[in-house]
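In: With the input below, show me the fold.
(one chain, ligands or ions: 3)
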Amino acid sequence: MKKFFAVSVLFVVACASKTFSATFIGPIPYLCQSDSPFKDTIAADTTFLETFEGGKLNVPGVTASAGQVIGPEGPFPGLNDSVDCDDGVIDGRGTGGHDWFVQDANFVTFTFNADALGGRLPTHAGIVWTDGAPGTKTIFEAFGTNGVSLGTIGPTNIADNEITGTTGEDRFFGLREPSGISAIKISNSDPGIEVDHLQYGNETPIAPPAPPLLTITRTGDPQSQFLLSWPKAGSQGFILEGAATLKAPVKWVDVGISPTVTNGQNTVRGNWGVPMQFYRVRKPEPCRRQGIR
Ligand SMILES: [Ca+2]
Ligand SMILES: [Ca+2]
Ligand SMILES: [Ca+2]
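Out: Numbering: from 1, shown residues only. Ligands and ions are numbered 1, 2, ... in the order given. This next block holds a predicted model:
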């Protein structure tokens, strides 16, 4: 007696969740993005980097509490203080580039919008402090998904005695927090602050969706056929495979039949009068890490 089995195989990728606490990074000297702890993902284009060289804050999913872009063209030429390499040469000066300047407050908060970032907040973020009044003390703070502080770096006294674009003082502040970062804030104890190279990204693997469930139904008259079916929704890229036995090594092969769509179900008909066969639907694609960019 021949039997047929419907087999739906769940491919669970080993992407186990863990509990983390925020890891703060900095202050570290920073003259170019090659100094960033996120340089690899910046290079891979999975971390956003705003250098302000385009004259705007226009990377997605982030807003600033205050400030404006300043550069060599104004409004305060000679006082702008970009990350050093943005003007094309690391020469101890940042006046050839652009940065973000807050004149009327002593802090700036960058707030992230998950809806604009594929539904996920950044899991790493950072900013480069480039200037403040001589003697000012700087504090970096980050906030979690619920808006509660994750912690701080500082106060630290990193400012030199110049406000004319020197870069030896410039420092990176940032963190990693796998549960998500809703905002970062950097402040000086004295009014006025300049920052540059805002950077953030999300490197958490996206969990693969549950595979479609394969079902088998007797059909026909007198039930000489069977119907394999699985939902069309969420099945893009899945194929129907068959195997003659489940004894190792199992040799699954593509049955090579394109399903017919009926009432939202992919369906394939078969006859009982063929050799025993096991079936599954499978998406032949490995788990991949994905960022928000
Ligand atoms: Ca320079
Ligand atoms: Ca810049
Ligand atoms: Ca500086």
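
In: Which residues does the residue lying closest to N271 once chain neighbours are set aside form beta bridges with?
Out: What sits nearest to N271 in space, not counting adjacent residues and going by CB to CB, 6 or more residues apart in numbering, is Q225, at 5.5 Å. Where you see a C-beta, it was placed from the backbone N, CA and C, and this is true even at glycine. Beta-bridge partners for Q225, by DSSP bridges, are T219, N271.

In: could you list every residue that touches Q225?
Out: Residues counted as contacts of Q225 (CB atoms under 8 Å, 6 or more residues apart in numbering) are 218-219, 269-272.

In: So it versus ligand 2, what's the distance?
Out: Distance, Q225 to ligand 2, by CB to the ion, to the nearest Å: 68 Å.

In: do L49 as well
Out: Distance from L49 to ligand 2, by CB to the ion: 10 Å.

In: Next, that residue: phi, psi?
Out: phi -130, psi 120 (degrees, to the nearest 10).

In: For it, list each beta-bridge partner.
Out: Q199.

In: now G174
Out: I25, G126.

In: So A243 sits against P275, correct?
Out: No - the pair A243 / P275 is not scored as a contact, 11.3 Å apart, by CB atoms under 8 Å.

In: Provide a list of residues in contact with the nearest residue to I193 once chain neighbours are set aside.
Out: Spatial nearest neighbour of I193, excluding adjacent residues (CB to CB, 6+ apart): V102 at 5.0 Å. Contacts for V102 (CB under 8 Å, 6+ apart) come out as 66-67, 108, 192-194.

In: contacts with ligand 2 among those, please.
Out: Residues of the contacts of V102 in contact with ligand 2 (CB under 5 Å from the ion): none.

In: Which of those residues are buried, as a ChimeraX select command?
Out: Those of those that count as buried under 16 or more other CB atoms under 10 Å are selected in ChimeraX with:
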select :67,108,192,193,194
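
In: Save the contacts of V102 as TSV, and put in pLDDT and secondary structure too.
Out: Output for the contacts of V102, formatted as TSV (pLDDT from 0 to 100; DSSP: H, G, I helix; E, B strand; the rest coil):
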residue	pLDDT	secondary structure
A66	97	coil
G67	97	coil
V108	98	strand
G192	95	coil
I193	97	strand
E194	98	strand
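
In: Ligand 1: which of the contacts of V102 is nearest?
Out: Comparing the contacts of V102 against ligand 1 with CB to the ion places E194 closest, at 14.4 Å.

In: ok, how many other residues are close to T145?
Out: 13 (other CB atoms under 10 Å).

In: so it touches G180, yeah?
Out: Yes - if you go by CB under 8 Å, T145 and G180 touch, sitting 4.4 Å apart.

In: Just the element for D40, please.
Out: Assignment of secondary structure by DSSP states H and E places D40 within helix 39-43.

In: my guess is M276 is in a helix, correct?
Out: No - M276: not assigned to a helix; according to DSSP: H, G, I helix; E, B strand; the rest coil it is coil.

In: Could you tell me which residues of this structure lie near ligand 3?
Out: Near ligand 3, when you scan the chain using CB under 5 Å from the ion, you find 81, 130-131, 169-170.

In: In JSON lines: the residues you listed, plus pLDDT.
Out: As requested, those are exported to JSON lines (pLDDT from 0 to 100):
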{"residue": "D81", "pLDDT": "97"}
{"residue": "T130", "pLDDT": "98"}
{"residue": "D131", "pLDDT": "97"}
{"residue": "E169", "pLDDT": "98"}
{"residue": "D170", "pLDDT": "98"}
